[in-house]
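Novice: Kindly return the folded structure for what I paste below:
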Amino acid sequence: MDKILRIDMGAGGGPKFREDPVGDYAGIGGRALTSAIVSKEVPPLCHPLGENNKLVIAPGLLSGTAAAMSGRISMGCKSPLTGGIKEANAGGQASQVLARLGYAAIVLEGKPADGALYKVMINKDGVKIESADEFKGLGNYDLVDKIKAAHGEKVACISIGQAGEMKMSAASIACTDMEMRPTRHAGRGGVGAVMGSKGVKVIVLDDSGMKMRAPKDPDKFKAANKVWVEGLRKHPVTGEGLPAYGTNVLTNVISEAGAYPTKNFMWGSFETCNKISGETQAETEIERGGSATHGCHRGCIIRCSGIYLDKDGAYLTKQPEYETVWAHGGNCCIDDLDAIAQLDRLDDDFGLDTIEMGATIGVAMEAGLAEFGDAEAAINLVKEVGKGTHLGRILGNGAAVTGKVFGVERVPVVKGQAMPAYDPRGIQGIGVTYATSTMGADHTAGYAVATNILGVGGNVDPLKPEGQIELSRNLQIATAAVDSTGMCLFIAFAVLDQPDTFQALIDMINAFYGLSLTADDVTALGKSVLTNERDFNARAGLTAEHDRLPEFFLKEKLPPHNITFQVKDEELDQVFNW
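Specialist: As a prediction, this is how the structure comes out:
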């Protein structure tokens, strides 16, 4: 990956591209690269949908190699949702294919003056940019069907649906999985709206004729990868729980812990959560002839996804993840798995972040637009978004906008981005991450749930403020580094508990690049990523006052523990004082 593809979508006479050497960005990938480019090249006060913003698409350091779990891709820009820097992360085939084509990143710059829509095609012979006006208004599923008809089934797609075209702040970017379904989404922060503003409907990647990326020291790399795989398989979370039940294995766990946000964050447990649990979901998938175990990209050995079929045995969607099941389920008091799966399918097709949309519908229900528990009404609200009606455009711009329009006080957002499936009063550590993350409320930025609830990497009492600052700080640093490797974040369970597994990851990077990195170097990488992001946000106008939870978390007690968020503001301000 020795080159960066830059495409000026606003060039006179139509889009123009050039290939640059990586230059100052050598030696970094994934989130480290997207955040470095955005921080250095994007004016922090620019309009997120304007010509001066850039969308950076980068595979990780180990993407395109034989390293297990290395298929994550990063999408970076200034976020139209938060107003700060954004890195959204996705699985699927795109990262591996883009890396094998030799690109460290694609950078979309400028903006078409005429509102035209384009298709970008990249293969071993180079780059082609063509009109995509024929695809206007298509959802991701219909779009990919047309791409398959034209280019075959061995390509990978990066695309947007109607939400991205309409530049909605909840719009995601879809990546195709191994079966070429547009099911893996860089969901958070409105990255799909930025891709839409650049006039790019789809990027088609074809690595036919390209070889796997070769390590500097093949023998050491192979040996380290073997230890790496063994470590992931022997950990109870990555080797047993996630493959058997997917991420939705957490539904019963978090509800029993009293931290499952229910009825728009009113309660901490959902009475009928067993109906939508990972166990019930897996049983349903298997009974119908689907699958409870499935990888989102080649080289995935955790295989935490699945195939969800409808009652007639027809494919409906990939296995809805825990956060999706919560967002469209317990958060809205809906306990119907088929309705949740249909909502997941609609979100993927329209190109919408499931977390943002589920939180938005919860706010809309509180506003009286629908009754809590009304699955049909929830489905119709998401369809409004896809149609682009006036109501749909309000909802498609997220929970914060919806709350303002309809006068709702209980709006669970930080920096304009909706909170995922863990109540910060019941898991205080994740509250610290939500408040202070550079990305807005984001569980993946520093997954304190692992230690607060699951006992991974130690134990910190989830209901007390003590130890939460240090926990979130260390996890945010580690996560920034992991997001730069191209590795799936779920490796963290094994890495945190098993020192030899962590060392195997470092050994793989060293063997591949001919380096001698230590654990301290990995920590330094994470800190450098966060420093870049914090610097951009400060120049964009974000201050310590933005690193706060909404007021209702400080004054409304969460049943069943009947506590509020306990971490003080002055403590939150210490997270990045390392």
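
Novice: Mind splitting this structure into its structural domains?
Specialist: According to automatic domain parsing, the chain comprises the domains 3-205, 217-242+424-578, 246-415.

Novice: Make TSV from those domains and add mean neighbour count and distance to residue 211 to it.
Specialist: Any C-beta I mention is one placed from the backbone N, CA and C, and that applies to glycine too. Shown next, in TSV, are the domains of the chain (neighbours: other C-beta atoms under 10 Å; distance: least, C-beta to C-beta, whole Å):
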stretch	mean neighbour count	distance to residue 211
domain 3-205	23	7
domain 217-242+424-578	20	13
domain 246-415	22	14
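
Novice: Quick check: closest non-adjacent residue to residue 8.
Specialist: Counting by C-beta to C-beta, 6 or more residues apart in numbering, residue 110 is the residue found nearest to residue 8 once chain neighbours are left out, at 4.6 Å.

Novice: Would you enumerate the residues in contact with the one you found?
Specialist: Neighbouring residues of residue 110 by C-beta atoms under 8 Å, 6 or more residues apart in numbering: 8-11, 15, 51, 198.

Novice: Put together JSON lines for the domains of the chain, with mean pLDDT on each row.
Specialist: Below are those laid out as JSON lines (pLDDT from 0 to 100):
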{"stretch": "domain 3-205", "mean pLDDT": "96"}
{"stretch": "domain 217-242+424-578", "mean pLDDT": "95"}
{"stretch": "domain 246-415", "mean pLDDT": "96"}
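
Novice: how about the closest residue to residue 298 other than its chain neighbours, what does it touch?
Specialist: The shortest distance from residue 298 to any non-neighbouring residue, by C-beta to C-beta, 6+ apart, is to residue 178 (6.1 Å). Residues near residue 178 by C-beta under 8 Å, 6+ apart: 93, 295-298.

Novice: can you do 10 Å?
Specialist: By C-beta atoms under 10 Å, 6 or more residues apart in numbering, the contact set of residue 178 is 71, 92-93, 156, 184, 294-298, 300.

Novice: Distance check, residue 276 against residue 252.
Specialist: Distance of residue 276 to residue 252, computed by C-beta to C-beta, to the nearest Å: 10 Å.

Novice: Report the contact partners of the residue nearest to residue 61 when sequence neighbours are not counted.
Specialist: Of all residues beyond its chain neighbours, the one nearest residue 61 is residue 29 (4.1 Å), with distances taken as C-beta to C-beta, 6+ apart. Shown in contact with residue 29 (C-beta under 10 Å, 6+ apart): 1, 22, 58-63, 73-74, 95, 99, 104-105, 483-486.

Novice: before we move on, what about residue 350?
Specialist: Residue 350 makes contact with 139-141, 160-166, 168, 170-172, 174, 192, 357, 382-383, 385-388, 392, 396 under the criterion C-beta under 10 Å, 6+ apart.

Novice: thought residue 309 was touching residue 285?
Specialist: Yes. With contact defined as C-beta atoms under 10 Å, residue 309 reaches residue 285; the gap is 7.0 Å.

Novice: Need the overlap of contacts for those two.
Specialist: Counting by C-beta under 10 Å, 6+ apart, the residues touching both residue 309 and residue 285 are 291, 341.

Novice: Please flag which of the contacts of residue 350 sit within strands.
Specialist: Judged by DSSP state E, strands contain the following of the contacts of residue 350: residue 174.

Novice: ok, now how distant is residue 12 from residue 110?
Specialist: 10 Å.

Novice: Check residue 392 too.
Specialist: Using C-beta to C-beta, residue 392 is found at 28 Å from residue 110.

Novice: do residue 275 as well
Specialist: Counting by C-beta to C-beta, the gap from residue 275 to residue 110 is 49 Å.

Novice: just the helices in the stretch 251-400 of the chain please.
Specialist: Remark: helices assigned in the stretch 251-400 of the chain by DSSP state H, counting those that start in this stretch are 278-287, 322-328, 337-350, 354-366, 375-387, 390-395, 399-406.

Novice: List just the one of those that sits closest to residue 230.
Specialist: Evaluated over the helices of the stretch 251-400 of the chain, closeness to residue 230 peaks at helix 278-287, with 25.0 Å, by C-beta to C-beta.

Novice: list the contacts for the closest residue to residue 273 other than its chain neighbours?
Specialist: Closest residue in space to residue 273, ignoring its immediate chain neighbours: residue 255 at 4.4 Å, by C-beta to C-beta, 6+ apart. Contacts of residue 255 were listed using C-beta under 10 Å, 6+ apart, and they are 261-262, 267-274, 276-277, 326, 330.

Novice: Redo those residues as a markdown table? Include distance to residue 432.
Specialist: What follows is those, written out as a markdown table (distance: C-beta to C-beta, whole Å):
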| residue | distance to residue 432 |
| --- | --- |
| 261 | 17 |
| 262 | 22 |
| 267 | 22 |
| 268 | 18 |
| 269 | 22 |
| 270 | 24 |
| 271 | 29 |
| 272 | 30 |
| 273 | 25 |
| 274 | 30 |
| 276 | 28 |
| 277 | 27 |
| 326 | 20 |
| 330 | 23 |
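
Novice: My guess is residue 567 contacts residue 472. True?
Specialist: Yes. Here residue 567 lies in contact with residue 472, judged by C-beta under 10 Å, at a distance of 9.2 Å.

Novice: which residues do the two both contact?
Specialist: 428-429, 431-432, 435-436, 575.

Novice: The residues you listed into CSV, with extra columns for distance to residue 419?
Specialist: Below are these laid out as CSV (distance: C-beta to C-beta, whole Å):
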residue, distance to residue 419
428, 14
429, 14
431, 9
432, 13
435, 10
436, 13
575, 17
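
Novice: got the CA positions of stretch 413-429 in PDB?
Specialist: Provided in PDB are the C-alpha atoms of stretch 413-429 (Å, rounded to 0.1, in the frame of the first residue of the first chain):
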ATOM      1  CA  VAL A 413     -26.800  12.200  22.400                       C
ATOM      2  CA  VAL A 414     -23.300  13.600  22.900                       C
ATOM      3  CA  LYS A 415     -22.000  16.000  20.400                       C
ATOM      4  CA  GLY A 416     -25.100  15.400  18.400                       C
ATOM      5  CA  GLN A 417     -24.600  11.600  18.100                       C
ATOM      6  CA  ALA A 418     -26.900   9.100  19.600                       C
ATOM      7  CA  MET A 419     -25.800   6.800  22.400                       C
ATOM      8  CA  PRO A 420     -25.700   3.000  21.800                       C
ATOM      9  CA  ALA A 421     -27.100   0.200  23.800                       C
ATOM     10  CA  TYR A 422     -25.600   0.800  27.300                       C
ATOM     11  CA  ASP A 423     -27.000   3.200  29.800                       C
ATOM     12  CA  PRO A 424     -24.200   5.300  31.300                       C
ATOM     13  CA  ARG A 425     -25.900   5.200  34.700                       C
ATOM     14  CA  GLY A 426     -25.800   1.400  34.900                       C
ATOM     15  CA  ILE A 427     -22.300   1.200  33.300                       C
ATOM     16  CA  GLN A 428     -20.500   4.300  34.500                       C
ATOM     17  CA  GLY A 429     -17.300   3.600  32.500                       C
END
